[in-house]
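[1] Give me coordinates for this.
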Amino acid sequence: MTAPTAQVQTDMTAPATPVQTDMTAPATQVQTGMTTAAQVQTDMTAPATEVQMDMTAAAQVQVDRFGTGLLQTTISAVEGGGFVWTRYPGPLAPAPFSAANPEPDARLAAIGTAGGARLVPGLPRGEARIYHVAGEQSVAGHLLREGLHPDLEPALRGMGCALAALHALTPSYDRPPSTSRGLVRIDDWLKGRALQVRAAQAGAVLRERLGPARWSTLRAWSARAVEDGDVVLAHGAPGLGSLVLDPSSGVAELLIGEDLCATPWYADLGWVIGEIVELTWQLGGEPRLWQRLTDALVDGYGRDLGAEWNHMAAVRIALHLHDYTAYVGWNPSEVERYASFLGFLIDL
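    Now for the predicted structure:
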């Protein structure tokens with residue numbers, strides 16, 4: 001696999017002020033600069049407390065709450081240990097979570113700990129999903145607050161192992177919807193079907209800045225992931241904000257179910273690599289250390305993306321630009337910055 005993070009760091013200067021990195025496009029909700037915590041709190045409208053009271057009889061204390069118009073999250077500490085993550089679609093979400101199904105959820109949970117990580121299917125509560133995990137902070141949160149450190153490499157390797165085990169499952173039930181909610185959003189946006197005016201504005205700017213050839217290339221990469229019929233049972237949005245780290249055991253827990261779907265294997269792997277590439281660009285730091293995270297992920301998965309690693313990385317980063325613009329706010333200077341970076345990625 002070509003070393004994407006080293007190339008990105010060498011050829012693109014990291015910005016002084018990092019941008020909000022809502023690294024799930026549906027699944028990760030982490031802010032790094034475009035929106036303050038107070039603004040995020042103000043945007044929250046869903047009744048998180050109401051959902052939380054339904055989850056368990058154990059006493060809980062809310063320790064964090066954040067979100068956008070796409071996805072909102074509440075984290076509560078549970079008496080006796082552990083945490084409960086409650087996630088629910090934001091008020092502007094264009095589609096609900098993928099339907100919960102006990103049969104695949106049981107099979108996902110039965111995979112167990114694969115190479116240092118395990119899949120944690122969410123329990124449905126109305127429109128929300130409830131996750132019982134050991135950790136309070138995601139890998140994305142660790143990277144944004146504490147920076148790079150070697151302790152995160154096993155989590156990425158375990159994530160790769162868990163995704164490989166997931167992709168090896170043969171569905172014994174009605175196949176979930178083909179393609180993920182995130183791929184639908186990016187494909188619609190690139191085809192001029194934005195649901196929000198500001199997202200349409202961002203799309204117009206991006207198209208103009210990229211030019212016809214690059215724009216067509218990005219559209220083709222997105223369409224390939226949506227239309228490719230060679231699919232596996234897939235996570236759909238395996239963001240670093242959905243990978244929760246248990247600080248005591250070092251085991252990573254990957255929240256799953258909200259976007260469970262049937263997509264090509266490379267869509268899941270490319271999603272994670274795209275987030276690592278974007279964080280490398282945004283946060284800076286030693287390129288070798290970022291590359292080690294990518295290497296750990298690929299090593300755990302047992303397969304890399306080859307020379308086409310930048311295809312899904314560009315699609316994922318373009319989706320983040322769409323999601324920030326559509327579900328957080330309009331920031332013309334950030335659209336310009338992302339257009340420049342996407343042009344760089346497409347040309348590699």
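[2] for the stretch 1-150 of the chain, what spans make up the strands?
    For the stretch 1-150 of the chain, the strands defined by DSSP state E, counting those that start in this stretch cover 60-67, 71-78, 83-89, 113-114, 117-121, 123-125, 128-133, 137-138.
[3] is it possible to export these to TSV including mean neighbour count, mean pLDDT and distance to Leu218?
    Where C-beta positions appear, they are placed from N, C-alpha and C, glycine not excepted. Listed next are those as TSV, based on neighbours: other CB atoms under 10 Å; pLDDT from 0 to 100; distance: least, CB to CB, whole Å:
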stretch	mean neighbour count	mean pLDDT	distance to Leu218
strand 60-67	17	96	28
strand 71-78	23	98	24
strand 83-89	23	98	26
strand 113-114	18	80	33
strand 117-121	24	96	31
strand 123-125	17	96	35
strand 128-133	21	98	31
strand 137-138	25	96	28
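[4] Let's have the ones you listed in CSV, adding distance to Pro287.
    Putting the strands of the stretch 1-150 of the chain into CSV (distance: least, CB to CB, whole Å) gives the following:
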stretch, distance to Pro287
strand 60-67, 29
strand 71-78, 30
strand 83-89, 32
strand 113-114, 28
strand 117-121, 25
strand 123-125, 40
strand 128-133, 31
strand 137-138, 23
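[5] To Trp189, which of these lies closest?
    Ranking the strands of the stretch 1-150 of the chain by proximity to Trp189 (CB to CB) places strand 71-78 first, at 17.1 Å.
[6] Pairing partners for that closest one, with directions?
    Partners of strand 71-78 in the sheet, by DSSP bridges, are strand 60-67 (antiparallel), strand 83-89 (antiparallel).
[7] Next, the buried residues of the longest helix along the chain.
    Using DSSP state H, we find that the single longest helix of the chain is helix 197-227. Residues 198-200, 202-203, 205-207, 209-210, 214-215, 218-219, 221-226 are the ones in helix 197-227 that count as buried (16 or more other CB atoms under 10 Å).
[8] Quick check, pLDDT for Gln39.
    With respect to pLDDT, Gln39 scores 33.
[9] Can you report how many residues lie near Ser333?
    8 (other CB atoms under 10 Å).
[10] For it, give me the backbone phi and psi.
    Phi and psi for Ser333, reported as degrees, to the nearest 10, are phi -70, psi -30.
[11] Quick check on Phe97: phi, psi?
    Phi and psi for Phe97, reported as degrees, to the nearest 10, are phi -60, psi 160.
[12] State the helix or strand in which the residue nearest to it when sequence neighbours are not counted lies.
    Leaving aside its sequence neighbours, Phe97 sits nearest to Glu258 (CB to CB, 6 or more residues apart in numbering; 4.2 Å). Under the criterion DSSP states H and E, no helix or strand holds Glu258.
[13] looking at it, Glu258 is touching Ser98, isn't it?
    Yes. Counting by CB atoms under 8 Å, Ser98 is a contact partner of Glu258 at 6.2 Å.
[14] Find residues that contact each of the two.
    Shared contacts of Glu258 and Ser98, defined by CB atoms under 8 Å, 6 or more residues apart in numbering, comprise Gly236.
[15] more crowded one of these two?
    Applying other CB under 10 Å to Glu258 and Ser98 shows that Glu258 carries more neighbours, namely 27 against 20.
[16] what's the closest of the strands paired with strand 71-78 to Ser248?
    strand 83-89 (12.4 Å).
[17] can you list contacts of the closest one?
    Residues from elsewhere that reach strand 83-89, judged by CB under 8 Å, 6+ apart: 46, 48, 51-52, 55-56, 60, 63, 70-78, 95-97, 122, 125-136, 244, 255, 258.
[18] ditto for stretch 314-321
    Surrounding stretch 314-321, the residues in contact under the criterion CB under 8 Å, 6+ apart are 21-23, 25, 182-183, 185-186, 189-190, 202, 206, 218, 221-222, 225, 270-271, 273-275, 277-278, 334-335, 338, 341-342, 345-346.
[19] low-confidence ranges in this structure?
    Counting by pLDDT under 70, the ranges of the chain that qualify are 1-57, 171-177.
[20] Who does Ser76 form a beta bridge with?
    Gln62, Val84.
[21] if we can go back for a sec, for the longest helix of the chain, enumerate the helices and strands it packs against.
    If contacts are counted by 3 or more CB pairs under 8 Å, 6 or more residues apart in numbering; DSSP states H and E, helix 197-227 sits against helix 181-190, helix 265-283, helix 309-327, helix 332-347.
[22] If anything else comes up later, I'll come back, but that's it for now.
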